[in-house]
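Student: Give the three-dimensional model of this entry:
(2 chains)
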Amino acid sequence: MKRLIVLSCLLAFTMAFTGQALADGKALVDSNKCGDCHQMAGPAAATIADVMKRKAPDLFYAGSKFNKEWLVGYIQNPTQLRPAGTVYRNNIKTEGDKDIVGDLPKCASKLSAGDAAAVADYLMTLTDASMAAGVFKQDKFKKARAKILMKKKEACDACHMFPGKKGKPGKGGVSCPTFAGIGARLNPDWMYSFIKHPQHWDPKVWMAKREFTDAQLQLMVNFLSSMK
Amino acid sequence: MRKTTIVPAVIATFVFSFGFVLSMAGSASAESAADNYNLFCVQCHGTKGTGKGVNAPALAVAPRNHTSAKDMSALKDADVFKAIKEGGVAVGKSTQMPSFASNMTDAEITEMVKHLRGMCKCEGKK
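Tutor: Now for the predicted structure:
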């Protein structure tokens, strides 16, 4: 009996404690005004006019999208992930008849390690329950086959930058996130879901839905996951 | 007397709400061709439509110059529609021209073909 009481006290304590950390995380998101730039609640912009007003990537499904470890690091010291910014169209200028990328707004998050952990705990609770978990199967794969599918056949590199060798800048388009470091950054189940149906996550995203088999999705996500 | 006022009122309500539903359905999905071009095409074809978008340096094949009457009048409207809906491969061109079937409705693609004809100030091959 005594044991049971101690146990339930412990349980109540840990529950209250994690509840407190989540509340702290949310309070920090509010006090740091992350929501001034990031949409912290759904649904995603459904018209082009609203997409053009987007200042930063949506975070209301952060818990489905990111690897927590990466998140904790990024919000202490953010870097540029999209070579032409969040909505490339808002950041380009024309020189002659050629478009070039202009100045890019940066992520303003500069949290301490402790605050970053609390914020990441909170962000990881923002999930999309409709996303299937455990779909991705990590496996041996042939890099050459992945490259044929992603470059030659589907031209993913028309828009996405592939990582270069040993710190060298990679090759590819600039209108969306770079693939450099994507394996450390994103949850592979989310990548699978996004590539399968980008418009589920972002109705007006400027990436096409393609018809892929499960084997093709596994191959691509295995390759992307290896880009740490 | 009573019946004669109720019946037209019911009909009027029905017609009104039907029209309302129709206009809602239209405005909820259709974007103008100019807006669609701006978000979906400019990344490769460029703000001026000349094929010099921010992604162009990464492409092995130059995106079509939509302002060139010479290049664009060589294409039939039906083939332009097909290239946009199904991608370059469907018309024997580069895979670097993606398919936009998931980004635009058929009606929006039809408007896009007209928009491109305005850009080249030309007509499609018959």
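
Student: so where's chain B shaky on pLDDT?
Tutor: For chain B, residues meeting the criterion pLDDT under 70 lie at B:1-29.

Student: Get me the contact residues on it for chain A.
Tutor: B:31, B:35-36, B:38-40, B:42-44, B:46-48, B:50, B:52-56, B:58-59, B:87, B:94-96, B:98-103 (CB under 8 Å from any CB of the partner chain). All C-beta spots, glycine's among them, are computed from the backbone N, C-alpha and C.

Student: Could I get the buried residue list for stretch A:170-181?
Tutor: Residues A:172-180 are the ones in stretch A:170-181 that count as buried (16 or more other CB atoms under 10 Å in any protein chain shown).

Student: now swap in stretch B:93-110 and tell me
Tutor: Buried residues in stretch B:93-110, counted by 16+ other CB under 10 Å: B:94-104, B:108-110.

Student: Next: stretch B:118-125.
Tutor: Using 16+ other CB under 10 Å as the burial criterion, the residues of stretch B:118-125 that qualify are B:119-120, B:122, B:124.

Student: Span of that stretch from start to end?
Tutor: 15 Å (CA to CA, to the nearest Å).

Student: Equivalent analysis for stretch A:155-173, please.
Tutor: For stretch A:155-173, the end-to-end distance is 10 Å (CA to CA).

Student: Check the average confidence over it, would you?
Tutor: Mean pLDDT, stretch A:155-173: 93.

Student: same check, this time on stretch A:129-138
Tutor: For stretch A:129-138, mean pLDDT is 96.

Student: Other residues contacting that stretch?
Tutor: A:61, A:64, A:188-193, A:218, A:221-222, A:225 (CB atoms under 8 Å, 6 or more residues apart in numbering or on different chains).

Student: Out of those, the closest to chain B would be?
Tutor: Chain B lies nearest to residue A:193 out of these, by CB to the nearest CB, at 14.7 Å.

Student: In contact with that closest one, which residues?
Tutor: A:64, A:131-132, A:135, A:200-201 are the contacts of residue A:193 under CB under 8 Å, 6+ apart.

Student: rerun that using 10 Å as the cut-off
Tutor: A:64-65, A:128, A:130-133, A:135-136, A:187, A:200-201, A:217, A:221 (CB atoms under 10 Å, 6 or more residues apart in numbering or on different chains).

Student: Kindly report the same for residue A:147.
Tutor: Counting by CB under 10 Å, 6+ apart, residue A:147 makes contact with A:153, A:156-157, A:162, A:223.

Student: ok, which pair from those residues is furthest apart?
Tutor: Taking CB to CB, the two most distant members of the contacts of residue A:147 are A:153 and A:162; they sit 14.7 Å apart.

Student: Compare those two and say which is more crowded by neighbours.
Tutor: residue A:162 (21 against 13; other CB atoms under 10 Å in any protein chain shown).

Student: now that one, which residues is it bridged with?
Tutor: residue A:171 (DSSP bridges).

Student: Let's see stretch A:113-123 as PDB, backbone CA atoms only.
Tutor: Extracted in PDB, the C-alpha atoms of stretch A:113-123 (Å, rounded to 0.1, in the frame of the first residue of the first chain):
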ATOM      1  CA  ALA A 113      20.700  25.600 -24.500                       C
ATOM      2  CA  GLY A 114      18.200  25.300 -21.600                       C
ATOM      3  CA  ASP A 115      15.400  27.300 -23.300                       C
ATOM      4  CA  ALA A 116      16.100  25.500 -26.600                       C
ATOM      5  CA  ALA A 117      15.500  22.200 -24.900                       C
ATOM      6  CA  ALA A 118      12.200  23.400 -23.500                       C
ATOM      7  CA  VAL A 119      11.000  24.900 -26.800                       C
ATOM      8  CA  ALA A 120      12.000  21.800 -28.700                       C
ATOM      9  CA  ASP A 121      10.000  19.600 -26.200                       C
ATOM     10  CA  TYR A 122       7.000  21.800 -26.800                       C
ATOM     11  CA  LEU A 123       7.400  21.900 -30.600                       C
END
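
Student: Can you list the buried residues in that stretch?
Tutor: Buried, per 16+ other CB under 10 Å, within stretch A:113-123: A:115-123.

Student: ok, of the residues you listed, which one's closest to chain B?
Tutor: residue A:123 (27.3 Å).

Student: Just give the closest residue to residue A:163, not the sequence neighbours.
Tutor: Closest residue in space to residue A:163, ignoring its immediate chain neighbours: residue A:180 at 3.9 Å, by CB to CB, 6 or more residues apart in numbering or on different chains.
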